[in-house]
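Trainee: no sequence on hand, only this structure:
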C-alpha cells in the first residue's frame, strides 16, 4: 500500500506498533515523502498538518494471531477504530476502513454479497476478530451518518503475496513454507472447505479505486476463483516440486466451510476485477519465500 501511494505521488505516514507486522518490509523504501511512526492506534493519535485520507488497516488478521491476541484484536477494532475516526473528523479526511470477509462468518449464502448480514458466533474463538470488524463497520457508518465523515469500507477476502510472514499461519504461507522445508502439509478437516485467493497487487488496486472514488461501500474486494484447501495444497506441492505428505488435522471450531466474494459491485462501481492468475501469483510468492528461508 505504501509503495502504491508513493508511486501515485502522495506523502505517506505509516503507523504501526508491529505487534504482528515486520518492519523489514519497509527497508526498501528510501523516500523523504514517507514517515514511519511506531504507535498503538488504540491510544490517542496525534498527527500534525493536513491529512486527506486515513487508511485504518490495524489489526491482527491471521487466526494464530487473533487467537493469541484476543484482547488486542478487540481493542484495535473498537478503540482503534474510534481513535482513527476521531482523527478523520478532526482533519476533515476521508477514512477507509479495512473490513474483512469474516464479517460473513460461516456463510449461509454463497457467494457472499455485501447485503448479506452474516452468520457469526460472537462467543466462539473466531468471534474476537469477526465481531471486532463488524463493530468497526458499525462505528464507521455511525460516524458517517452522525458526523458526516466520509467513511469507506472495503471487505477484503483472502489475500496473499510476497512479504507475508513465513509463520503467518494462513494457508498459502503455511503450505509454501512446509513444502520448501520438506515438512508435511497441515490440512484441516478433509480439506473440502473452500477459499478464494486474491494476489496482493490486485487487492491494492481495488482499494485505491475505492479510496479515490465517490463510493463508500461496503465493497467486496477479492478474487472469485474458488477452490478447496486440499486443491490449494496440491497446487503448491506441484509448483514447489515437493513430495511432502498431507497431514490431516481436526477442523478448528467455526472454521467457515465456504468463502467466495461476489464482486459485482466492485465491477460495476469501481470498474475493478482481479487480473493476476493464481499460478502466477503463487510463483512470485514462492520465490519470495525461497529467499526468506535461505
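Mentor: Perfect, I can see it now. Just so it is clear, the model here is predicted, and its values are computed rather than measured.
Trainee: can we go C-alpha only for contacts and neighbour counts from here?
Mentor: Fine.
Trainee: dump the residue contacts of the residue lying closest to residue 104 once chain neighbours are set aside.
Mentor: Excluding the flanking residues, the one nearest residue 104 by CA to CA, 6 or more residues apart in numbering is residue 118, at 3.8 Å. Counting by CA atoms under 8 Å, 6 or more residues apart in numbering, residue 118 touches 103, 104, 105, 106, 107, 108.
Trainee: and the pLDDT at residue 294?
Mentor: Residue 294 is assigned a predicted lDDT (pLDDT) of 86.
Trainee: and it, how many neighbours does it have?
Mentor: 6 (other CA atoms under 10 Å).
Trainee: quick check: the gap between it and residue 27.
Mentor: Separation of residue 294 from residue 27 (CA to CA, to the nearest Å) stands at 19 Å.
Trainee: related to what we said a few turns ago, roughly how far does the residue nearest to residue 104 sit from residue 193?
Mentor: The spacing between residue 118 and residue 193, counted by CA to CA, is 17 Å.
Trainee: what do you get for residue 157?
Mentor: For residue 157, the distance to residue 193 equals 15 Å [CA to CA].
Trainee: compare those two (neighbour count), which wins?
Mentor: In terms of neighbours (other CA under 10 Å), residue 157 is the more surrounded of residue 157 and residue 193; the figures are 23 against 17.
Trainee: roughly how far does that one sit from residue 273?
Mentor: Computed as CA to CA, the residue 157 to residue 273 distance reads 13 Å.
Trainee: okay, and the common contacts of these two?
Mentor: Joint contacts of residue 157 and residue 273 (CA under 8 Å, 6+ apart) are residue 223.
Trainee: contacts only, for residue 97.
Mentor: Contacts of residue 97 by CA under 8 Å, 6+ apart are 55, 56, 57, 136, 137, 140, 151, 152, 153, 154.
Trainee: put the buried members of those residues into a PyMOL selection.
Mentor: Command for PyMOL, covering only those of those found buried under the criterion 16 or more other CA atoms under 10 Å:
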select buried, resi 55+56+57+136+137+140+151+152+153+154
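Trainee: give me every residue that touches the most centrally placed residue in the chain.
Mentor: Nearest to the mean C-alpha position of the chain, by CA atoms, centre = their mean, lies residue 156 at 5.4 Å. Residues counted as contacts of residue 156 (CA under 8 Å, 6+ apart) are 98, 99, 100, 101, 203, 220, 221, 222.
Trainee: change it to 10 Å
Mentor: Neighbouring residues of residue 156 by CA atoms under 10 Å, 6 or more residues apart in numbering: 98-103, 198, 203, 206-207, 219-223, 261.
Trainee: pLDDT value on it, please?
Mentor: So residue 156 comes in at 98 (pLDDT).
Trainee: for it, grab phi and psi.
Mentor: With angles defined as degrees, to the nearest 10, residue 156 sits at phi -90, psi 130.
Trainee: not counting sequence-adjacent ones, nearest residue to it?
Mentor: Closest residue to residue 156 apart from its sequence neighbours, by CA to CA, 6+ apart: residue 100 at 4.5 Å.
Trainee: separation between the one you found and residue 52?
Mentor: 24 Å.
Trainee: quick one, which of the two is more surrounded?
Mentor: Under the criterion of other CA under 10 Å, the comparison of residue 100 against residue 52 puts residue 100 first, with 23 against 11.
Trainee: mind listing what the more buried one touches?
Mentor: Residue 100 makes contact with 61, 129-130, 133-134, 137, 153-158, 218, 220-221, according to CA under 10 Å, 6+ apart.
Trainee: just those: which are in strands?
Mentor: Cross-referencing these against strands under DSSP state E gives 153, 154, 155, 156, 220, 221.
Trainee: now render the residues you listed as CSV, adding distance to residue 167.
Mentor: Shown next, in CSV, are the ones in strands among the contacts of residue 100 (distance: CA to CA, whole Å):
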residue, distance to residue 167
153, 28
154, 26
155, 24
156, 21
220, 27
221, 25
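Trainee: and of these, the nearest to residue 164?
Mentor: residue 156 (15.8 Å; CA to CA).
Trainee: residues in a beta bridge with that closest one, which ones?
Mentor: Here residue 156 sits in beta bridges with residue 100, residue 221, going by DSSP bridges.
Trainee: count the residues that sit near residue 155.
Mentor: 23.
Trainee: out of the contacts of residue 118, which one sits closest to residue 46?
Mentor: Set against residue 46, the nearest of these by CA to CA is residue 103 (29.7 Å).
Trainee: list the buried residues in stretch 183-191.
Mentor: Neighbour-count burial for stretch 183-191 flags 183, 185, 186, 187, 188, 189, 191 (criterion: 16+ other CA under 10 Å).
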